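S.K.: Please find the sequence and the predicted model below.
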Amino acid sequence: MLLDVLVLAAGKGTRMRSELPKVLHPLAGKPLLAHVFSSVEGLDGAAINVIVGHGKEQIQATFAGQPLNWIEQTSQLGTAHAVLQAIPALRDEAKVLIVYGDVPLIESSTLEKMLAGVDRDAMALLTVTLPDPSGYGRILRNPTGDVIGIVEQKDAAPEQLQISEVNTGVMAMTAADLKTWLPQIDNNNAQQEYYLTDVISLARAAGRRINTYQPAAQEEVEGVNSRAQLVALERYYQRQKANSLLDCGVTIIDPTRFDCRGELVTGEDVVIDINCIFEGTNSIGNQVSIGPSCVIKDAIIGDRVIIKANTVIEGPVTLEADVQVGPFARLRPHTVLAEGAKVGNFVETKKAQIGPGSKISHLSYVGDAVLGSEVNVGAGTITCNYDGVNKHLTEIDDGAFIGSNTSLVAPVVVGKNATVGAGSTISRDVPDDSLAIARGKQRTIDTWKRPEKN
């Protein structure tokens, strides 16, 4: 059977106190709504419809180019009213799954179980049992355990408020049933809104079974209505990610001080110290050590790499086996460190290929450069790659030695096994096996007197 997914994302999110639409607030590095899309995209035959209202232009721009059908709810009159806007988009022969753009962590497996319980004779409802159900609609059952309705907290009687099983809002049914039931819903309630939960009593009246399911963890169905709820779900997500990495042979020194805001694939015997942040897509080999307070984005990291404290990697960056980086290094996009290379403290690289065994140990900038093998770059070296309009390449061949405080004015080539004397400004190519020194002649003035204040 076909599947039409309805994602409700029209709310303003007043309690977020933000100009940014609620569903665009980030969790683990991507918008809440993107997490929901990830959960439903893999469902068999899914066509995704998104109901938007507040901030619709910004939401649509964020997901431009994706295969989504946008539906506008111009007035927020309740969940049933929101779904009613999507009726023309629903295929008669489809199942309909209703989820929420501010409930980001629902698992695809949970939704698949629900959908398996939907047919022409039954709908599916996702519930959760909470120790404190305050604020949620309560699930009403008859003495035999069948669901007979949902009552919102503001409309509930005192004895109904004692019920701990609550509605998550996530439900599924056939499109034919939904199209029949929605026009029958009214707004005779405390909020004067059209509640989607009223379909339960209509389903009962139509003789449909109401199959209920529960998530593996309550955090799957927790919504985000405030920044406090957002950060609570962020920490839950990060702890779950840390636990999965621990199971894969990674030592995370303190899982409460670990953040993965993208994809992270690791080998075995990896050690990650505190306060590290991983963004984008990262791949880490075996026996890698990452020191505290590192930020790593879009990196491919080989075996036995050591990344020391406070290093920032802004990829795409590739570190081959046995590389050492840091502390306090910054590797910018298109940096490649070949096997055994070393970049030390307060070194910045950009669009630089550093050959096997080469070293830039400290206090240098190497950009738009190609270094051969076993090159040694002294402290304070700068590749002067920018002339104010264009970038130019610096090439340093195998075995070259660059003395401290050297400026290499690109385009320039330093030959194999060449040596550049400290303090030089090199603006012409240096031949193989030669010594280049380009600095002013030192003068000593014996009669000079230091000025004194009056």
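M.R.: Perfect, thanks for sending it.
S.K.: switch to C-alpha atoms for all contacts and neighbour counts from now on
M.R.: Will do.
S.K.: Next up, the contacts around Asp4.
M.R.: If a contact means C-alpha atoms under 8 Å, 6 or more residues apart in numbering, then Asp4 has 46-49, 90-91, 94-97 as its contacts.
S.K.: Of those, which is the most crowded?
M.R.: Looking at these with neighbours defined as other C-alpha atoms under 10 Å, the largest count falls to Val96 at 27 neighbours.
S.K.: In three-state terms, how would it be classified?
M.R.: Local secondary structure at Val96 is given as strand here, using DSSP: H, G, I helix; E, B strand; the rest coil.
S.K.: Distance check, Ala217 against Thr110.
M.R.: Separation of Ala217 from Thr110 (C-alpha to C-alpha, to the nearest Å): 10 Å.
S.K.: cool, Ala156 as well?
M.R.: With the distance defined as C-alpha to C-alpha, Ala156 ends up 28 Å from Thr110.
S.K.: All the helices of the stretch 51-200 of the chain, in order from the start?
M.R.: In chain order, the stretch 51-200 of the chain shows helices spanning 56-62, 79-84, 108-116, 175-181, 199-205, with DSSP state H, counting those that start in this stretch as the criterion.
S.K.: Out of those, which gets nearest to Lys441?
M.R.: Distances from Lys441 to each of these were compared by C-alpha to C-alpha, and the smallest falls on helix 56-62, at 59.7 Å.
S.K.: residue ranges with poor pLDDT in the stretch 101-250 of the chain?
M.R.: Counting by pLDDT under 70, the stretch 101-250 of the chain has no low-confidence residues at all.
S.K.: residue boundaries of the strands in it?
M.R.: With DSSP state E, counting those that start in this stretch as the definition, the stretch 101-250 of the chain shows strands at residue ranges 122-129, 138-141, 147-151, 165-174, 209-213, 250-252.
S.K.: Present those strands as TSV; the columns should include mean neighbour count.
M.R.: Converted to TSV, the strands of the stretch 101-250 of the chain look like this (neighbours: other C-alpha atoms under 10 Å):
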stretch	mean neighbour count
strand 122-129	22
strand 138-141	20
strand 147-151	20
strand 165-174	24
strand 209-213	19
strand 250-252	20
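S.K.: Asn189 is nearest to which of the ones you listed?
M.R.: Comparing the strands of the stretch 101-250 of the chain against Asn189 with C-alpha to C-alpha, the closest turns out to be strand 147-151 (10.2 Å).
S.K.: Against which helices or strands is the closest one packed?
M.R.: Under the contact criterion of 3 or more C-alpha pairs under 8 Å, 6 or more residues apart in numbering; DSSP states H and E, the helices and strands touching strand 147-151 comprise strand 138-141, helix 199-205.
S.K.: between those, which gets nearest to Val323?
M.R.: Nearest to Val323 among the helices and strands packed on strand 147-151 is strand 138-141; the distance by C-alpha to C-alpha comes to 57.7 Å.
S.K.: Give the other helices and strands that that closest one contacts.
M.R.: For strand 138-141, where contacts count as 3+ C-alpha pairs under 8 Å, 6+ apart, the packed elements are strand 147-151, strand 165-174.
S.K.: Throw those strands into TSV and include distance to Ser39, thanks.
M.R.: What follows is the helices and strands packed on strand 138-141, written out as TSV (distance: least, C-alpha to C-alpha, whole Å):
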stretch	distance to Ser39
strand 147-151	26
strand 165-174	13
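S.K.: Mind checking the ones you listed for the one nearest to Leu105?
M.R.: It's strand 165-174; of these, that one is closest to Leu105 (C-alpha to C-alpha) at 12.6 Å.
S.K.: Strand 147-151 and that closest one, what's the angle between them?
M.R.: Angular relation of strand 165-174 and strand 147-151 on a 0 to 180 degree scale: 120 degrees, by axes from the mean of the first three to the mean of the last three C-alpha atoms, to 10 degrees.
S.K.: which outside residues touch strand 165-174?
M.R.: Counting contacts by C-alpha under 8 Å, 6+ apart, the residues outside strand 165-174 that touch it are 93-100, 114-115, 118-120, 122-130, 133, 136-139, 150, 197, 221.
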